[in-house]
Every structure is written in structure tokens, then in C-alpha cells.
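[1] Following is a predicted model, sequence given first.
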Amino acid sequence: MEKDIWTANKYISEPVSDGGKPRIPTLRVKAPNCNTREIYANEDKAKALVNSFFPKKPAELTVPANPIYPQPLDEPDQLFKERIHRHIAKLSPHKVPGPDGIPNIILQ
């Protein structure tokens, strides 16, 4: 079949891989001076991705000596709590956690 010929051509013309794209496209990253630059080399791309997804820990965490906390909120009513429980039950357990970093499976 004609479609099979094109598929075979694709397999023999690309390097051996897992079937995905053979390389990462050119990346644009912000330099410390706020200019953007393009990265072409695979090693540099790997370093940029690692720095983007896994930033370095801060050297030292500073906690204020006398922190000022806001006034606590009133206790929510029972209807509000039931609504929260209902929404938590509908969450997909293994999705990426939200801004608080707590996985859905833990909330459930």
C-alpha cells in the first residue's frame, strides 16, 4: 500500500529512536541580563532544561525574627466543608500537585 511505503521510508531515513522526534528543538532562554539567547547544542539544551525544572536551593532561608500573621478566619460552615470534600473526591489522584505542592492522592 502507498501509506506503508511512506511509513517504511520514514523508518529508514531517520536515526534509530523511540519513534519520537530525533532531537530537541532550538531553545530560547533568558540570560541574567534579561536578553534572550538561543541554544543549539544538545548538551547546553540539557543543562538549560535541568536548570529550568530543578532550580538550585537558596543558599540560606531567612525567617523574620518577629513575623506578623494575619487574623485567623472564622470556622467555615458545614455546607462549605461538604462541598470541599465532594470536590476533593472528584480529583484525579495522580495529577500534578497545585501551588501548595500537596498531591491529590494525599488529600483524598
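    Cool, the structure landed.

[2] which sections of the chain are below the confidence cut-off?
    Residue ranges of the chain with pLDDT under 70: 1-3, 11-12, 14-23.

[3] now the strands for it?
    For the chain, the strands defined by DSSP state E cover 27-30, 36-39.

[4] Mind putting those into TSV with distance to residue 78?
    (Each C-beta comes from the backbone N, C-alpha and C, glycine too.) TSV is the format used below for those (distance: least, CB to CB, whole Å):
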stretch	distance to residue 78
strand 27-30	49
strand 36-39	52
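
[5] Can you give the domain ranges for this structure?
    What automatic domain parsing lists as the domains of the chain is 21-56, 78-107.

[6] Save these as CSV, and put in mean neighbour count and distance to residue 65 too.
    Listed next are the domains of the chain as CSV, based on neighbours: other CB atoms under 10 Å; distance: least, CB to CB, whole Å:
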stretch, mean neighbour count, distance to residue 65
domain 21-56, 10, 26
domain 78-107, 10, 26
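
[7] In JSON lines: those, plus distance to residue 7.
    As requested, the domains of the chain are exported to JSON lines (distance: least, CB to CB, whole Å):
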{"stretch": "domain 21-56", "distance to residue 7": "16"}
{"stretch": "domain 78-107", "distance to residue 7": "34"}
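
[8] Tell me which of the ones you listed approaches residue 68 most closely.
    domain 78-107 (21.5 Å; CB to CB).

[9] Endpoints of the closest one, how far apart?
    18 Å (CA to CA, to the nearest Å).

[10] Over to stretch 51-67?
    End-to-end for stretch 51-67, by CA to CA: 32 Å.

[11] so how far is it off the chain centroid?
    Averaging C-alpha positions (CA atoms, centre = their mean, to the nearest Å) puts stretch 51-67 19 Å from its chain's average.

[12] Which one of the strands of the chain lies nearest to residue 81?
    strand 27-30 (43.5 Å).

[13] Give the pairing partners of that closest one; include direction for each.
    Strand 27-30 sits in its sheet next to strand 36-39 (antiparallel), going by DSSP bridges.

[14] With just CA atoms, put the strand it pairs with into PDB.
    Taking Å, rounded to 0.1, in the frame of the first residue of the first chain, the C-alpha atoms of strand 36-39 are listed here in PDB:
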ATOM      1  CA  THR A  36      17.100  36.100  25.300                       C
ATOM      2  CA  ARG A  37      19.500  33.700  23.600                       C
ATOM      3  CA  GLU A  38      19.100  30.600  21.500                       C
ATOM      4  CA  ILE A  39      20.700  27.300  22.400                       C
END
